[in-house]
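Asks: Below: sequence and its predicted model.
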Amino acid sequence: MIGQFISIEGIEGAGKSTQLAFIQRYLIEKGIKLVVTREPGGTDLGEQIRTLLLTPTETAMAVDTELLLMFAARAEHIEQVIKPALERGDWVLSDRFVDATFAYQGGGRGIDIQRISTLSDWALKGLQTDVTFLFDLPVELGQQRVINRNQGIDRFEQEKVDFFQRIRESYLSRAQHEPNRIKVIDASKSIVEIEQQLATLLDNLIIN
C-alpha cells in the first residue's frame with residue numbers, strides 16, 4: 001500500500017509552522033504512520049544546502065544557482081526520504097515541495113516556467129503530492145507577521161513586497177489550474193477556523 005503525500009505551501013508569514021503541527025497531531029491521532037519533513041532540507045545534505053540558500057550574503061546568489069540548489073536538495077530528499085516512506089506505506093507531510101519552486105523561483109525570480117518544468121520532470125520522475133494545502137493571505141499581512149515574530153530574517157524574507165506579490169499570484173494561478181490537488185486555505189482566518197477546514201480535508205483524504 002502506497003502512503004499519501006501532503007505538502008503545505010504559502011508566502012512568508014502564512015502560518016505554515018502552526019498548521020503543520022496541527023496536521024501532524026491530527027493524522028497521528030487517526031493512527032496514521034507519518035514522516036514529517038521539509039524543503040529545502042529533509043536530509044543531511046539537504047540541510048546543508050538549506051543553509052546556503054537561506055543565509056543572507058553580501059553578494060547576491062545567481063538565480064540559476066538558487067534554482068539548481070533547490071532541485072539538488074529535492075533530488076536527495078525524494079530518494080532518501082519521500083520515496084522510501086511512501087513505499088513503506090507511510091504518509092509524508094512536507095513543509096514545501098515543488099510548488100514552492102514554481103512560485104518562488106518562477107514567479108518571484110522570473111525564471112522561465114518551462115525550464116523549471118524540465119528540471120521538475122527530471123528530478124520528480126512522476127512523483128507529485130496527493131494534496132497540497134496552500135495557506136494564502138495578503139502579502140502585507142504576511143510581512144507584518146514575520147516582523148512580529150521578532151526572529152532573524154532569512155535571505156528570502158528580506159525581499160521586497162513585489163517579490164512576494166508575484167509569488168502569491170503564482171501560487172494562486174497553480175491552484176486555479178490544479179484545484180483537485182491544491183486546496184487554498186484562507187490564512188487570514190482564525191486558527192480554529194483554519195483547523196476546522198483542515199480537519200474536513202484530511203478526513204476526506206483518509207477516507208479516500
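Replies: On my side now, so go ahead. Numbering: from 1, shown residues only.
Asks: gap between the helix or strand of the chain with the lowest mean pLDDT and the chain center?
Replies: The weakest-scoring helix or strand in the chain, judged by mean pLDDT, DSSP states H and E, is helix 139-149 (a mean of 79). Its chain's average C-alpha position is 18 Å from that of helix 139-149, according to C-alpha atoms, centre = their mean, to the nearest Å.
Asks: helices or strands up against it?
Replies: helix 161-177 (3 or more C-beta pairs under 8 Å, 6 or more residues apart in numbering; DSSP states H and E). C-beta coordinates here come from the backbone N, C-alpha and C atoms, glycine included.
Asks: Following element in sequence after the helix it packs on, please.
Replies: Downstream of helix 161-177, the next assigned helix or strand under DSSP states H and E is strand 182-186.
Asks: Export only the CA atoms of that next one, formatted as PDB.
Replies: What follows is strand 182-186, C-alpha atoms only, in PDB (Å, rounded to 0.1, in the frame of the first residue of the first chain):
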ATOM      1  CA  ILE A 182      -4.100  22.200  -4.400                       C
ATOM      2  CA  LYS A 183      -6.500  23.300  -1.700                       C
ATOM      3  CA  VAL A 184      -6.500  27.000  -0.900                       C
ATOM      4  CA  ILE A 185      -6.800  27.900   2.800                       C
ATOM      5  CA  ASP A 186      -7.600  31.400   3.900                       C
END
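Asks: Partner strands of that strand, with direction?
Replies: If you go by DSSP bridges, strand 182-186 pairs up with strand 131-136 (parallel).
Asks: Tell me what angle the partner strand forms with helix 161-177.
Replies: Interaxial angle of strand 131-136 relative to helix 161-177 (axes from the mean of the first three to the mean of the last three C-alpha atoms, to 10 degrees): 140 degrees.
Asks: chain center to strand 131-136, what's the gap?
Replies: With C-alpha atoms, centre = their mean, you get 8 Å for strand 131-136.
Asks: ok, back up a step: tell me which residues of the least confident helix or strand of the chain come out buried.
Replies: 139, 142, 143, 146 (16 or more other C-beta atoms under 10 Å).
Asks: OK, contacts around residue 205?
Replies: Going by C-beta atoms under 8 Å, 6 or more residues apart in numbering, residue 205 touches 4, 6, 130, 131.
Asks: scratch that, residue 52 is what I was asking about
Replies: So residue 52 contacts residue 69 (C-beta under 8 Å, 6+ apart).
Asks: I'd guess it is in a strand, am I close?
Replies: No: under the criterion used here (DSSP: H, G, I helix; E, B strand; the rest coil), residue 52 is helix, not part of a strand.
Asks: and it, how far is that from residue 131?
Replies: Distance, residue 52 to residue 131, by C-beta to C-beta, to the nearest Å: 30 Å.
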